[in-house]
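Undergrad: pasting the sequence and the predicted model now:
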Amino acid sequence: MTTTADHDAYIAAAPEPFQPSLKRLRAILARALPDAEEIVAYDMPGFRIGGSVVASYAAFSKQCGLYLLPGAISEHAGEIVAAGLKATKTGITFSPRAPIPDDLVERLARASRRAGGA
């Protein structure tokens, strides 16, 4: 994918099978972080509050990813494992066939906001 200027352009440029998942993540994150500014940083669409990017998402060749501040992942580690998802210190990867549950995305976004001090 090429560098994009906004969320709409990023989603449109993503592989077609991933576009519904990206649209869904964007909507959930926007709802969970209503005062966040939509940005594109590090070639990924994200949500910034103050000076912190508290949530980002991306599509890759075989999976999608949700990226948050480290505290959010550790706070919900048990739920992430229970959902059968793979996580690193700052990200969770998933396929469109096995997405992150909506309510977990919302809790992760709010936890990331708290981890960022907002």
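TA: Cool, the structure landed.

Undergrad: for the chain, just list every one of the strands.
TA: Ranges of strands within the chain are 37-41, 44-49, 52-59, 64-68, 86-87, 91-94, based on DSSP state E.

Undergrad: any regions of the chain where pLDDT drops low?
TA: Using pLDDT under 70 as the threshold, the predicted model of the chain has low-confidence ranges 1-4, 118.

Undergrad: can I get the strands of the chain in TSV including distance to Ser112?
TA: Every C-beta, even on glycine, is put in place using the N, C-alpha and C of the backbone. Output for those, formatted as TSV (distance: least, CB to CB, whole Å):
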stretch	distance to Ser112
strand 37-41	14
strand 44-49	9
strand 52-59	4
strand 64-68	4
strand 86-87	13
strand 91-94	11
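
Undergrad: out of the ones you listed, which comes closest to Ser74?
TA: strand 86-87 (9.3 Å; CB to CB).

Undergrad: how about residues contacting the closest one?
TA: Contacts made with strand 86-87 from outside it, assessed by CB atoms under 8 Å, 6 or more residues apart in numbering, are listed as Ile73, Ala77, Ile80, Val81, Ile92, Thr93, Phe94.

Undergrad: residues contacting the residue nearest the centre of the chain?
TA: Nearest to the geometric centre of the chain sits Leu66, at 3.2 Å (CA atoms, centre = their mean). Under the criterion of CB under 8 Å, 6+ apart, the contact partners of Leu66 comprise Leu25, Ala55, Ser56, Tyr57, Gly91, Ile92, Phe94, Ile100, Val105, Leu108.

Undergrad: can you tell me how far the fourth one is from Leu33?
TA: Relative to Leu33, Tyr57 is positioned 12 Å away (CB to CB, to the nearest Å).

Undergrad: when those two are compared, which one has more neighbours?
TA: A count of neighbours by other CB atoms under 10 Å puts Tyr57 above the other of Tyr57 and Leu33, at 28 against 21.
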